[in-house]
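Student: Structure of the sequence below:
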Amino acid sequence: MLPKARPRTTRHAGWPFVRRRNRRIRNSSPALPRAPRPPLSTVMWQALARWRRSLLVAGVAVALAGGAWAGRWYVTHSHHFAVRVVKVSTTAHVSSEALITRAAVPLGVNLFAVDREEVARAVSQEPWVQRVHVRRELPSTLTLDVVERTAACAVALGSLYLSDAAGTVFKRATPEEAASLPVVTGLNREDWLAQPDHARAAVHEALQAIAAWRSGGHERAPVGEVHVDRIAGVTLYTDRGVGVRIGVVDETLADRLHRFDVVTAALAESGEEPRLVYVDNRARPDRVTVKLASAQLSAHSGNRD
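Tutor: As a prediction, this is how the structure comes out:
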């Protein structure tokens, strides 16, 4: 009896290393017909059209550039835009004629040929000028908009000089200019040249002390002089000859000046005249020391209102 034949199984089923045969799959879809090539004449006409467009764009660009150049040449050479008037804004300390002379813009020159930055630099050489803006007004006017400095005090540096609110000294003062201004003393010219930042800060602190003095609610005598010292600080001198030692200008100054008003009012009621008042005690703003005109030294505490 013959043995039964085993059923034939797929040898490579589940076997990972199977070498499978590649099968070629034929594309049964019909091939698309190729587009016919355009005739040579059509290609030439298309190329010619592209060249014509490029030439047209280039021609327009050249025409625009030429027009811009011609317009610029006309504007910068035409007598229609020649400078006939130089105007200056209203000023208080320097005349318009002096500023026009510093600007040195000749009449008849083309308005667009004027270097406005150079004109502004020339006008800024005037000490009273803080800044200037130069602008054109068509067709033939050049205008100088000038902002002047404001003198806040005079500074004694050998001679009297004017200073603005930031402590910047900008010109030598005439007697008329310094007559109505408080004078800052205690600095010298050598210190100013050697340490300009320190000197400027000292003048600025003196101006802060003057501002605090003027902002008080009581009627206080005008300040004629402000003395600055590296050790003693700031001392104000009124036009009545009374000195007020402030020391350092800080947040306690308003309270210290209030006590000054209280003490000086009490002295006026008693008929006494102070010569020097010390309100430089920052630890005790309510304490005021007074040196009377009779050279007697007395102290007034904060308990006296």
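Student: Excluding chain neighbours, what is closest to the most centrally placed residue in the chain?
Tutor: Nearest to the centroid of the C-alpha atoms of the chain, with distances taken as CA atoms, centre = their mean, sits residue 131, at 11.2 Å. Distance criterion CB to CB, 6 or more residues apart in numbering; nearest residue to residue 131, sequence neighbours excluded, is residue 147 at 5.0 Å. Quick note: C-beta positions are derived from backbone N, CA and C, even for glycine.
Student: contacting residues around residue 272?
Tutor: Listed by CB atoms under 8 Å, 6 or more residues apart in numbering, the contact set of residue 272 reads 292-293.
Student: Once you drop chain neighbours, what's closest to residue 109?
Tutor: Closest residue to residue 109 apart from its sequence neighbours, by CB to CB, 6+ apart: residue 83 at 5.4 Å.
Student: Apologies, that question was intended for residue 133.
Tutor: residue 145 (4.4 Å).
Student: does the one you found count as helix, strand or coil?
Tutor: strand (DSSP: H, G, I helix; E, B strand; the rest coil).
Student: sorry, back to before: just confirm the residue nearest to residue 109 contacts residue 143, I think it does.
Tutor: No. Counting by CB atoms under 8 Å, residue 143 is not a contact partner of residue 83; they are 11.0 Å apart.
Student: buried ones in whichever strand or helix holds residue 206?
Tutor: Taking DSSP states H and E as the criterion, residue 206 maps to helix 196-214. Across helix 196-214, burial judged by 16 or more other CB atoms under 10 Å covers 199-200, 202-210, 212-213.
Student: Contacts for it, please.
Tutor: Outside helix 196-214, the residues touching it (CB under 8 Å, 6+ apart) are 152-153, 155, 163, 165-169, 182, 184, 186-187, 191-192, 220, 223, 226, 228, 234, 236, 244, 246, 249, 253-254, 257.
Student: Whichever of those end up buried, select them in ChimeraX.
Tutor: Applying 16+ other CB under 10 Å to those leaves a buried subset, and the ChimeraX line that selects it is:
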select :152,153,155,163,167,169,182,184,186,187,192,220,223,226,228,234,236,244,246,249,253,257
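Student: returning to what we had before: which residues sit in contact with the residue nearest to residue 131?
Tutor: So residue 147 contacts 129-132 (CB under 8 Å, 6+ apart).
Student: Mind checking which of these land in strands?
Tutor: Assignment to strands by DSSP state E places the following of the contacts of residue 147 there: 129-132.
Student: what two of those residues have the greatest distance between them?
Tutor: The distance between the two most remote of the ones in strands among the contacts of residue 147 (CB to CB) is 8.4 Å, for 130 and 132.
Student: So residue 83 and residue 143 - more neighbours on which side?
Tutor: Taking neighbours as other CB atoms under 10 Å, residue 83 and residue 143 compare with residue 83 leading, 20 against 15.
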